[in-house]
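[1] Could you work out the structure for the sequence below:
(one chain, ligands or ions: 1)
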Amino acid sequence: MAKLYFKYGAMGSSKSAQALITKFNYEERGMRVWLIKPGIDTRDGADILKSRIGLEQKADIIYSGTSLWDEFESRMSNKIDVIIADECHFFTERQIDDMRRIVDECEVPVICYGLRTDFKAKLFPASARLFELADKIAEVKSICECGRKAIINARTDENGKIVTHGDRIKLGGNELYTAMCHSCWKKAQKQ
Ligand SMILES: [Zn+2]
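    This next block holds a predicted model:
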């Protein structure tokens, strides 16, 4: 039976690297992988899935208005054995529902990697939907500076101060995020 997987973690937990390694492992066994990511970013190179340890691959971008079900049905259903999706928190809830449908009706597994919460420690809608619908949920762990498990994606401004207001999506700002434990995040906000 195919399954819908959600592997979540904070930033810097090597989710993209794991997505690419998983792709490699499937391909080594002769299986065809459709690598996708959500289209929130239209800059050059946006269709490259990059990990900090240097692995990278081209991915198909699925924009927010696109039906993932239609894309799969019309272009991919006969060509692939598994879907690997990175940055899943930026898909729409509807696209997550489409993933569930692909798993159920087409017996194609979908493996999602993404963040649990935003910089305000609130669930991303797509991540909430994945918690509701996934067959298997696993945490990809990363560590705070203090040694505890990091669960918060703290956003900092140009002066290094913690920000807890603003838009959920801030592009081109990966360097503005730090994975922290909740206690360090609270302390940093007071400073
Ligand atoms: Zn900490």
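[2] lowest average confidence, helix or strand, in this structure?
    Of all the helices and strands that make up the chain, strand 48-50 has the lowest average by mean pLDDT, DSSP states H and E, namely a mean of 84.
[3] list the helices and strands the helix or strand following that one packs on?
    Scanning forward in sequence from strand 48-50 by DSSP states H and E, the next helix or strand is strand 56-58. Taking 3 or more C-beta pairs under 8 Å, 6 or more residues apart in numbering; DSSP states H and E as contact, the helices and strands that strand 56-58 lies on are helix 15-28, strand 48-50. Backbone N, C-alpha and C define where each C-beta goes, glycine included.
[4] List of residues touching the helix or strand that comes right after strand 56-58?
    Proceeding C-terminally, strand 56-58 gives way to strand 60-63 as the next helix or strand, assigned by DSSP H and E. Residues from elsewhere that reach strand 60-63, judged by C-beta atoms under 8 Å, 6 or more residues apart in numbering: W34, L35, I36, K37, P38, G39, A46, D47, L68, E71, F91, Q95.
[5] ok, which residues in the chain are in contact with the ion?
    Residues of the chain found near the ion, taking C-beta under 5 Å from the ion as the criterion, are C144, C146, R148, C181, C184.
[6] which intervals of this structure have sub-threshold pLDDT?
    Per-residue confidence for the chain (pLDDT under 70) gives these ranges: 41-44, 171-174.
[7] Which stretches in it count as strands?
    Taking DSSP state E as the criterion, the chain contains strands spanning 4-9, 33-39, 48-50, 56-58, 60-63, 82-85, 110-115, 136-139, 152-156, 162-163, 177-180.
[8] State the distance from F24 to W34.
    Using C-beta to C-beta, to the nearest Å, one obtains 14 Å as the distance from F24 to W34.
[9] of these two, who's got more company?
    With neighbours defined as other C-beta atoms under 10 Å, F24 and W34 compare such that W34 has more, 21 against 12.
[10] now the more buried one, which residues is it bridged with?
    Here W34 shows beta-bridge partners I83, assigned using DSSP bridges.
[11] In contact with it: list those residues for me.
    For W34, the residues meeting the contact criterion (C-beta under 8 Å, 6+ apart) are D60, F72, M76, K79, I80, V82, I83, I84.
[12] Just give me the neighbour total for the nearest residue to the fourth one once chain neighbours are set aside.
    Ranked by C-beta to C-beta, 6 or more residues apart in numbering and with sequence neighbours excluded, the top spatial neighbour of K79 is R32, at 6.2 Å. Neighbourhood size, R32 [other C-beta under 10 Å]: 12.
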